[in-house]
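# I would like to see how this sequence folds:
(chains A and B)
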Number of protein chains: 2
Amino acid sequence: MKLLIFTFVGVVHLLSLGSGKAIHKASTPQKTFKEIQEEIAGYTDVAKAIINLAVYGRAQNRSYERLAHLVDTVGPRLSGSKNLEEAIQLTYQSLKDSGLENVHLEPVKVPHWERGEESAMMVKPRLYKMAILGLGSSIGTPAEGITAEVLVVNSFDELQRRAIEAKGKIVVYNQPYISYATSVKYRVQGAVEAAKVGALASLIRSVASFSIYSPHTGNQKYQDGVTKIPTACITVEDAEMMSRIASHGTTIVVNLKMGAVNYPDTDSFNTVAEITGSRHPEQIVLVSGHLDSWDVGQGAMDDGGGAFISWEALSLIKDLGLRPKRTLRLVLWTAEEQGGVGASQYYQLHKVNISQYSLVMESDAGTYLPTGLQFTGSDKARSIMEEVMSLLRPLNITQVFTKGEGEDINFWIQAGVPGASLLDDLNKYFFFHHSHGDTMTALDPKQMNVAAAVWAVVSYVVADLDEMLPR
Amino acid sequence: MKLLIFTFVGVVHLLSLGSGKAIHKASTPQKTFKEIQEEIAGYTDVAKAIINLAVYGRAQNRSYERLAHLVDTVGPRLSGSKNLEEAIQLTYQSLKDSGLENVHLEPVKVPHWERGEESAMMVKPRLYKMAILGLGSSIGTPAEGITAEVLVVNSFDELQRRAIEAKGKIVVYNQPYISYATSVKYRVQGAVEAAKVGALASLIRSVASFSIYSPHTGNQKYQDGVTKIPTACITVEDAEMMSRIASHGTTIVVNLKMGAVNYPDTDSFNTVAEITGSRHPEQIVLVSGHLDSWDVGQGAMDDGGGAFISWEALSLIKDLGLRPKRTLRLVLWTAEEQGGVGASQYYQLHKVNISQYSLVMESDAGTYLPTGLQFTGSDKARSIMEEVMSLLRPLNITQVFTKGEGEDINFWIQAGVPGASLLDDLNKYFFFHHSHGDTMTALDPKQMNVAAAVWAVVSYVVADLDEMLPR
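Alright, predicted model coming up:
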């Protein structure tokens, strides 16, 4: 990592620091909006300095290169795996080496599922090996696999209508891709719905907006009282093919083998680093992404990018010699993919201090060219965020959308803390998501520079304002 | 196939047939260009009828559905494989069932290569299984594979500069994708160039304009006097990753196993069907695509689409009750992917009649939305083709580009016969080309309808003109 740790000694004098002025202002509770507007306008030069350093200066491509180094070294980082724990330890050391403060690990018990060997062979009407990816938490099959006739349906509704045909079969879902939010229910609930009508296994069309014969994995959920059956995703191509074949009345038989095993929970960690606040160190602006990933590809996009632009935000601020009044806390979550396991644990541990959280931020939807910020909070807080985003006019990225969200910050948002997530160009996101294609090749260092600049400006300014964001 | 064979009894009376008039004209050798212009303008209604039938009428989606039925039934169709011979026999029968004339098979000896089991495992700096596709005609490795250090280069020039480092290694080519024509030389010659400097094997970045971790296969060529070494394509992602790792001075070791075997040539066939000419049955307009494919995906795009819009062109003409003066000959080539093997054999057999060939046509670069026609021929012939293409004004597809080409018609073009190839939207072509992603999902039936309409109008009108195209 040595090559990748930049130092920026002597950059501070270049800046006409808005924050410098802010530090010496008296804290005046309950400022008027006009006063806050003026205060935020005072950060114009700081914002420019951050942008210049991140996008045009010596920090260019740093988040990409740090991430490439990690994922090329470790590979993908599934909850419960040695890879994930190696990644956490390496990142912990790198955060310390990069000079951040209060670098520490917070223990979390996480799920440990391994996919093992898996295969799906169409044995009728012809012999054809399909690409599959078993779904997280799925049980395996017997060693000889499950060999059964296939019932292809396009929707849960069709499954209900044809429930009588499903008994003893492998249900293949060929649901169209509408949107991730809409279509992902087939991945999550497909096994349960198929089991309810007596199916032996389910194969689900990958939840992807485009495919080059790419299976996509992800989590699925069993339901108490419903038989657990093995479940995997197949490619869009094979789902469409089986749908065509079945539509001619031709019988399809598939042999599905999955060596998946659910082991007892194992030890993992949320990884934390800070720039401690100068005036209100107990008050927090939380910046985050998750360090775990699925076990295919490199987990570069989901969520290496989000985790590493979050680290980069703190690095940029530190490089410029800035120290906000409030503490900027970087949290790299563990086991997000299994349902925000690390984030849930963090919330349980830290919610006692919820009144001290000014803003929780998460980047977990790509680090492509940012469109703006998604935000949840009171109208007054939203108006303030709009002012903060106006500082990003040099990048022409100033929009504040409804609504801030993220598996890892929703706990806080639901409890009333203002929350922000990065919105970026999602055009290709679901090409790669949870697939072998989630690698460094899918990322663009220049876009990551811009995303990091947005992330740094927002987190720094909110952490340095005289007042916490109103709720 | 029964469901897919449409009949169009009673369509003829709808047409005010330009061709009808033409049949009764006297044959007037050496017409002036103005006379030819007028003659072609007489086909305006015929062209509209073809377009209406193909794009808006009962023939809509027929070429897509016929192709889906074949490739879903048979799968991919590699030269030398049982799949290919099954596809040829099924297609032969379907051509007969569809009422075309002189349906027959012409024997060809074709290469028989099988990939067998194959794998590439990075064993240093960490254990990581890479996706590969061995290249056509490559030899295999010993059963235990070849385990060697990797030398990553970005170009043949770099390989030359670092020749001394290549001895005893596996050469990984991480050449950028410039264009298919430019970049494919790494796939074709990579093994030979690596062997010349003492490498044990070569792994080549797939020749693809975009990747979701998709390896692409294709042909490669050994050279007399140069040691044959095993060679395969890896994904863009893994080539870039190994390049990054190597750039930090880290040693990479790979174990490559390939069960590839070259068997003696086997029996195959070019598949031929006709609409026999009414006045000059011995004169030919040849319409073609190839029926063989690589052994991955479904060979739907390359070249199922081209083959089946060529069949569709004859079907459209037949459905409209049209019979051109010259013979329209459909040829579905075998073993194109191994270097135009079927087409070479056809040329040897038929070149004695070369003076009777008015035009040779090939569609082998996708059947996406057509841009126009690529054409090679004399200036006078080009002017005539521009007039013919003007008949496609209702589709706004009228352009004639330089130069007509295709592995299977180049023999004739080089010998002076006018040649035309379909040019279409190639945006996604090299996403899927020679990969597992070359399936029906990659095709659009509506775009195939348009491509078939262009193909039918051009082939029919040229076959029906009073005079052959001038050379």
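# show me the helices in the stretch 251-400 of chain A, by range?
Using DSSP state H, counting those that start in this stretch, the helices found in the stretch 251-400 of chain A span residues A:306-319, A:341-350, A:379-390.
# got a list of what residue A:153 touches?
A:159, A:162, A:171-174 (Cβ atoms under 8 Å, 6 or more residues apart in numbering or on different chains). Just so you know, the C-beta spots here come from the backbone N, C-alpha and C atoms, and that holds for glycine as well.
# name the residues linked to it by a beta bridge.
Residue A:153 has the following beta-bridge partners by DSSP bridges: residue A:173.
# how about the residues of chain A by chain B?
Residues of chain A that fall close to chain B, judged by Cβ under 8 Å from any Cβ of the partner chain: A:3, A:68-69, A:72-75, A:125-126, A:128, A:131, A:210-214, A:236-237, A:240-241, A:244-245, A:248, A:297-298, A:431-432, A:435-437, A:439-441.
# among these, name the buried ones.
Among those, those scoring as buried are A:68-69, A:72-75, A:128, A:131, A:210-214, A:236-237, A:240-241, A:244-245, A:297-298, A:431-432, A:435-437, A:439-441 (criterion: 16 or more other Cβ atoms under 10 Å in any protein chain shown).
# give me the subset of those lying in helices.
A:68-69, A:72-74, A:236-237, A:240-241, A:244-245, A:431-432 (DSSP state H).
# can I get those in TSV with pLDDT?
Formatted as TSV, these follow (pLDDT from 0 to 100):
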residue	pLDDT
A:68	98
A:69	98
A:72	98
A:73	98
A:74	98
A:236	98
A:237	98
A:240	98
A:241	98
A:244	98
A:245	98
A:431	98
A:432	98
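# which of those residues sit farthest apart?
Within these, two members stand farthest from each other by Cβ to Cβ: A:69 and A:245, at 46.0 Å.
# related to what we said a few turns ago, any chance of the ones in helices among the buried ones among the residues of chain A next to chain B in TSV, plus distance to residue A:349?
Supplementary listing: these in TSV, determined by distance: Cβ to Cβ, whole Å:
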residue	distance to residue A:349
A:68	32
A:69	30
A:72	33
A:73	30
A:74	26
A:236	41
A:237	45
A:240	46
A:241	49
A:244	52
A:245	53
A:431	37
A:432	33
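# excluding chain neighbours, what is closest to whichever residue of the stretch 251-400 of chain A sits closest to chain B?
As assessed by Cβ to the nearest Cβ, chain B sits closest to residue A:297 within the stretch 251-400 of chain A, at 6.7 Å. Excluding its sequence neighbours, the residue lying closest to residue A:297 (Cβ to Cβ, 6 or more residues apart in numbering or on different chains) is residue A:438, at 3.6 Å.
# next one: residue A:283
residue A:326 (4.2 Å).
# how about low-confidence regions in the stretch 151-300 of chain A?
Under the criterion pLDDT under 70, no range of the stretch 151-300 of chain A is flagged.
# okay, residue A:16: pLDDT?
Among the per-residue scores, residue A:16 holds a pLDDT of 41.
# cool, residue A:30 as well?
88.
# from chain B, how far off is it?
Remark: distance between residue A:30 and chain B (Cβ to the nearest Cβ, to the nearest Å) = 52 Å.
# the closest residue to that residue other than its chain neighbours: neighbour count?
Closest residue to residue A:30 apart from its sequence neighbours, by Cβ to Cβ, 6+ apart: residue A:467 at 7.4 Å. A count of nearby residues for residue A:467, using other Cβ atoms under 10 Å in any protein chain shown, gives 16.
# could you do residue A:82 as well?
So residue A:82, with other Cβ under 10 Å, has 11 neighbours.
# try the one 3 residues further on
Around residue A:85 there are 18 other residues, counting by other Cβ under 10 Å.
# repeat for residue A:375
28.
# can you pull up the bridge partners for it?
Bridge pairing for residue A:375 - DSSP bridges - gives residue A:420.
# any chance you could map the strands in the stretch 1-150 of chain A?
A:101-114, A:118-124, A:128-130, A:132-134, A:146-153 (DSSP state E, counting those that start in this stretch).
# most tightly packed of the ones you listed?
strand A:132-134 (a mean of 25; mean count of other Cβ atoms under 10 Å in any protein chain shown).
# can you tell me what sits against that strand?
Contacts of strand A:132-134 (Cβ under 8 Å, 6+ apart): A:115, A:118-120, A:203, A:206, A:215-217, A:230-234, A:256, A:258, A:260, A:296, A:434-435.
# how about residue A:372: what's its closest non-neighbour residue?
Closest residue to residue A:372 apart from its sequence neighbours, by Cβ to Cβ, 6+ apart: residue A:399 at 3.2 Å.
# burial of the one you found, as a residue count?
14.
# list the residues that contact it.
A:371-373, A:389, A:423.
# try 10 Å this time
A:370-374, A:386, A:389, A:392, A:423 (Cβ atoms under 10 Å, 6 or more residues apart in numbering or on different chains).
# can you check residue A:160 too?
A:153, A:166, A:193, A:196-197.
# tell me which element it falls in.
Taking DSSP states H and E as the criterion, residue A:160 maps to helix A:156-161.
# list the buried residues for that helix?
A:156, A:159.
# next SSE after it?
helix A:163-166.
# residues in contact with that following helix?
A:149, A:151, A:153, A:159-160, A:171, A:193-200, A:202.
# only the C-alpha atoms, please, for that helix, written as CSV.
Taking C-alpha atoms only, helix A:163-166 is exported to CSV below (Å, rounded to 0.1, in the frame of the first residue of the first chain):
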residue,chain,number,x,y,z
ALA,A,163,-50.0,-24.0,-8.6
ILE,A,164,-51.3,-27.5,-9.3
GLU,A,165,-48.6,-28.0,-11.9
ALA,A,166,-45.8,-27.0,-9.6
